[in-house]
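>>> Below: sequence and its predicted model.
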Amino acid sequence: MIPKKYEFVIFAFFMSLFMTILMSFVITLINVGLSETFLAQWFKAFWRAYVVAFPAVLTVVPLVRKLVKKLVAES
């Protein structure tokens, strides 16, 4: 089992992984359609996007948490 101190990194890993899979799939499908080269083009788009998505999630999530905390009233 992974230690609790790595929870945020694991969260960022899976959040960026699933979002990148979904978004790169949809955008590649829209741009290319279901062609013979779809899977190869999707996989290429996925890895390019994931290289950006993982560090982006690591950076953006703490900022979003702070913003939401300021905008949402406490009970």
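Noted; the coordinates are in hand. Since the structure is predicted, the reported quantities are computational estimates derived from the model, not experimental observations. Residues are numbered from 1 along each chain as shown.
>>> Quick test: name the residue nearest the centre of the chain.
The residue lying closest to the centre of the chain (Cα atoms, centre = their mean) is Ser16, at 2.3 Å.
>>> mind listing what that one touches?
Tyr50, Ala53, Phe54, Ala56, Val57 (Cβ atoms under 8 Å, 6 or more residues apart in numbering). Every residue, glycine included, has its C-beta placed from N, CA and C.
>>> Would you check how far apart it and Ser35 are?
Ser16 sits 27 Å away from Ser35, going by Cβ to Cβ, to the nearest Å.
>>> between the contacts of Ser16, which is nearest Ser75?
Val57 (28.2 Å; Cβ to Cβ).
>>> tell me what whatever helix or strand that closest one lives in is packed against?
Using DSSP states H and E, Val57 sits in helix 38-71. Here helix 38-71 touches helix 7-32, going by 3 or more Cβ pairs under 8 Å, 6 or more residues apart in numbering; DSSP states H and E.
>>> Do me a favour and average the pLDDT over the helix it packs on.
Averaging pLDDT along helix 7-32 yields 96.
>>> Pull out the buried residues from it.
Ala12, Ser16, Thr20, Ser24, Phe25, Thr28 (16 or more other Cβ atoms under 10 Å).
>>> Mind pulling up the pLDDT for Ser75?
77.
>>> That one - how many residues pack around it?
3 (other Cβ atoms under 10 Å).
>>> let's number from 617 now, not from 1
Okay, residue one is now 617; in that scheme the one you just asked about reads as Ser691.
>>> quick one: contacts for the closest residue to Val677 other than its chain neighbours?
Of all residues not flanking Val677 in the chain, Ala628 sits nearest, at 6.6 Å (Cβ to Cβ, 6 or more residues apart in numbering). Residues near Ala628 by Cβ under 8 Å, 6+ apart: Phe670, Val673, Leu674, Val677.
>>> Can you list the neighbours in contact with stretch 683-691?
So stretch 683-691 is contacted by nothing (Cβ under 8 Å, 6+ apart).
>>> Dump it to CSV, keeping only the CA atoms.
Taking C-alpha atoms only, stretch 683-691 is exported to CSV below (Å, rounded to 0.1, in the frame of the first residue of the first chain):
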residue,chain,number,x,y,z
LEU,A,683,-10.5,29.7,-4.6
VAL,A,684,-13.4,27.4,-3.7
LYS,A,685,-12.7,27.8,0.0
LYS,A,686,-13.0,31.6,-0.5
LEU,A,687,-16.2,31.4,-2.6
VAL,A,688,-18.1,28.9,-0.5
ALA,A,689,-19.7,30.0,2.7
GLU,A,690,-19.0,28.0,5.9
SER,A,691,-22.0,26.4,7.6
